[in-house]
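Engineer: Starting from these lines, generate the structure:
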Amino acid sequence: MTDSHYDLIVIGSGPGGAALAQRLAGTGKRILMLERGDYLPRETDNWSSKSVFVEGRYQADELWYGQNGESFHPGLHYFVGGNSKVYGAALLRLRERDFEALEHSDGISPEWPLKYADFEPYYAHAERLFHVHGARGEDPTEPPCSGPFPYEAVSHEPRIAALDASLRRQGLRPFHLPLGILLDQKDGQPTRASRCIRCDAFDGFPCPLNAKADAQVMCVDPMLAAHPNVTLLTGALVTRLNTDATGRRVSEVVVERRGVQESYSADTVVVSCGALSSALLLLRSASTQHPNGLANGSGQLGRNYMRHNQSVLMALSREPNDTVFQKTLAVSDYYFGADDWKFPLGLIQMTAKSHPDQIRAEALPAWLEWLPDMPFEVMSRHAMDFWLSSEDLPRADNRISLGQDGRVVLALTENNLEAHRRLRAKLESLLKDAGAHPHLMERKLFFGQDIPIGGTAHQAGTARFGVNPATSVLDLDCKAHELDNLYVVDASFFPSIGAVNPTLTIIANALRVADRIASKL
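Structural biologist: Down below sits the predicted model:
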C-alpha cells in the first residue's frame, strides 16, 4: 500500500460527503476527503448583503450554457462544507407521501424504491448531528417521527408571532420552521454562551461565528480534530475517475491541485459533489469501457434534473417590521393541495429580512412606480419576506450534459408552474388579513446573479437510484450498478424532490449508505 492509496476516498465536503465521512471516521480506516475549494474566509463581508447577493462574492466564477446557447453563472459555491456554507439551514423531512407516486397537474411525481420508514432512523440521526431546532406536532403534514426534535424551536419575534396568530385566525396551522443552528436561547434571546446571536444575516449568508449548522462546522472540523486517520485536501479538483481493465472498479482518482496533476486510489470511492457536478464528473470520466460516461449504461446519467420551483418574495407590512431573526415560521397547509386545487401546491416559509442594498439592486420600475416616495431603507424596515417552494417534476430531457466543445449545457424546461402561481396567490390572500400589502415583489438576487427561477439551488435527480439498471444509475445502496466500488451520496439519487429543502434527506441517506459501506470496509 502506498501513501496515495486509501481505504475510502470521498469527493466533495458538502452535507452528503461530510456526513458519510464522519460516520465512518471511527472505523480507523484511512479516509481521504477531496474538496476543490478552500475554507470560506471569515470576514466582515460574510454579513454584507451587497457582497453576498449583489456582487456574488462567494459564488463560483463559471460559465455554463442553456439549451438555446445562452450563457449564465450557476449558483454554486466551492468551499469546505459545499453549498451548505450559504444555505438557509431549513432542515425538514420529506413527507411520508413524498415517497409514493403523487399526482400533480403536470404529471406524476414517481414512487421511491425505498419508503419513508427506511429513512426515519437516519432522519433522527441527521437532526441530532445538525442541531435541528423544532417542535413536533405543529406541522400538519409532518411524517411520523420516533422522537422529539433534539433542540427546542427557535422562538418567534413579536411581529412574526402576530403573523402566526393571523394565520391561525384564518384557519391555517403555521409551525416553527426546523432550523439547523447552534443557538442557546432563553426567553427568546441568545444566552451569553450561545454561538448564534440571532442576527439578521442567517439565511443565505456565510456565518463568521460558525453558528450555522453547515457541513464544515458540524462534520468536517470535528472529524479532523478527533480522527487522525482522516485527511482533507483542499484546492483538489477531481478531473476524472479511471477504472481498471475490467471497467468494474474505480482504480484511479485524478486530481488537479495547485496546477499539478496528482493521482489517488481507494478500495471505495464516494462521489458527493452536488447533483450537477457529480454528474459532470462521471460524464467526464468516459472511457472505452464506459463510452457514454462512467456508470451511464442506462443513458440516465445527467437526466431527470430537478431544482424546485422557488420564489423569494417581499411583502410590505403596513406597520414597521422590526424583526431581526425572521426565519422562524412556515406553512404546509397547501403542501398536498387546497380546497380549490386538488394537486399539491408546496411550502411557504419565512426567510431572512430584505436589506436596503438588495432592494436597491433589484428595484424594478414597477416597484418604484408603486412606491415612488419610499426610500429603500424605509422599504426594508417594512419588509416581510417569504420563500415559496413547489415541486419540480423529473423530466428525462431536463438534464446536464457536455457539449462537443466541452461546454457544460443545462437543458431545462420548467414544469408545474401553475401550482407555484397558485401558492403565491394563496400567500397574497393571507397577507391581506395580516397587516401587509398583498402586492409581492420578487427577490431574484437571492438565488445568485443572472439565475432564472430556482437557479441551481436544491439541485437533485441526475443519477437516480432504483432496482432496474436499465432505468437507473445507482442501486438501492447508492452504489453504481455498473461498478463495484463507486457510490454517490448527494441529491443525485432522488427520484423526486418533494417541496422541502433536500439537505436533511441528503444527510440521512448519506448516513444510511455509510452503514452499508462500513459493513464492507
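
Engineer: What's the local residue count around the nearest residue to Leu114 once chain neighbours are set aside?
Structural biologist: In this structure, Leu114 finds its nearest non-sequential neighbour in Leu476, 6.2 Å apart by C-beta to C-beta, 6 or more residues apart in numbering. The way it works is simple: take the backbone N, C-alpha and C, and place the C-beta from them, glycine included. Leu476 sits with 17 neighbouring residues when counted by other C-beta atoms under 10 Å.

Engineer: what do you get for Asp339?
Structural biologist: Residues near Asp339, counting by other C-beta under 10 Å: 6.

Engineer: ok, Cys145 touching Glu120?
Structural biologist: Yes - assessed by C-beta atoms under 8 Å, Cys145 is found in contact with Glu120 at 7.2 Å.

Engineer: returning to what we had before: any idea how far the residue nearest to Leu114 lies from Ala499?
Structural biologist: Using C-beta to C-beta, to the nearest Å, we find Leu476 at a distance of 24 Å from Ala499.

Engineer: Gly66 too?
Structural biologist: Distance, Gly66 to Ala499, by C-beta to C-beta: 24 Å.

Engineer: which one of the two has more residues nearby?
Structural biologist: More crowded of Gly66 and Ala499, by other C-beta under 10 Å: Ala499, with 32 against 13.

Engineer: so what's the more buried one up against?
Structural biologist: 308, 335, 344, 346-347, 389-391 (C-beta atoms under 8 Å, 6 or more residues apart in numbering).

Engineer: Equivalent analysis for Leu76, please.
Structural biologist: 59-60, 62, 83, 274, 276-277, 456.

Engineer: my read is it is in a helix, agree?
Structural biologist: No - counting by DSSP: H, G, I helix; E, B strand; the rest coil, Leu76 is not found in a helix; it is coil.

Engineer: what pLDDT does it get?
Structural biologist: Reported pLDDT at Leu76 in the predicted model: 91.

Engineer: And it, how far from Ala499?
Structural biologist: Taken as C-beta to C-beta, the span from Leu76 to Ala499 is 22 Å.

Engineer: Now do the helices in the stretch 201-350 of the chain.
Structural biologist: 215, 221-226, 275-284 (DSSP state H, counting those that start in this stretch).

Engineer: Please identify the most buried of these.
Structural biologist: Highest mean neighbour count of these: helix 215, a mean of 31 (counted as mean count of other C-beta atoms under 10 Å).

Engineer: Mind listing residues that contact it?
Structural biologist: 13-15, 17-19, 80-82, 84.

Engineer: let's go with 7 Å and repeat that
Structural biologist: 13-15, 18, 81-82, 84 (C-beta atoms under 7 Å, 6 or more residues apart in numbering).

Engineer: How about stretch 218-238?
Structural biologist: 11, 13, 18-19, 21-22, 25, 28-39, 80-81, 129-131, 253-258, 281.

Engineer: can we see that at 8 Å?
Structural biologist: 6, 11, 13, 15, 18-19, 21-22, 25-26, 28-39, 80-81, 129-131, 180, 253-258, 262, 273, 281.

Engineer: Show the pLDDT at the closest residue in space to Gly274 that isn't next to it in sequence.
Structural biologist: Leaving aside its sequence neighbours, Gly274 sits nearest to Asp490 (C-beta to C-beta, 6+ apart; 5.4 Å). On the pLDDT scale, Asp490 is placed at 98.

Engineer: Show the contacting residues for Asp490.
Structural biologist: Contacts of Asp490 (C-beta under 8 Å, 6+ apart): 12, 14-17, 271-275, 278, 506.

Engineer: and what of Ser105?
Structural biologist: 343, 416, 418-419.

Engineer: Which strands or helices does the helix or strand encompassing Glu428 pack on?
Structural biologist: Here Glu428 sits within helix 417-432, counting by DSSP states H and E. Under the contact definition 3 or more C-beta pairs under 8 Å, 6 or more residues apart in numbering; DSSP states H and E, helix 417-432 sits against strand 309-316, strand 347-350, strand 383-390.

Engineer: With mean pLDDT and mean neighbour count as added columns, please give the ones you listed in CSV.
Structural biologist: Formatted as CSV, these follow (pLDDT from 0 to 100; neighbours: other C-beta atoms under 10 Å):
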stretch, mean pLDDT, mean neighbour count
strand 309-316, 88, 23
strand 347-350, 97, 26
strand 383-390, 92, 25
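
Engineer: Throw the ones you listed into CSV and include distance to Ala510, thanks.
Structural biologist: Formatted as CSV, those follow (distance: least, C-beta to C-beta, whole Å):
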stretch, distance to Ala510
strand 309-316, 23
strand 347-350, 23
strand 383-390, 22
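
Engineer: who wins for proximity to Ser166 among those?
Structural biologist: Nearest to Ser166 among the helices and strands packed on helix 417-432 is strand 383-390 (11.3 Å), distances taken as C-beta to C-beta.
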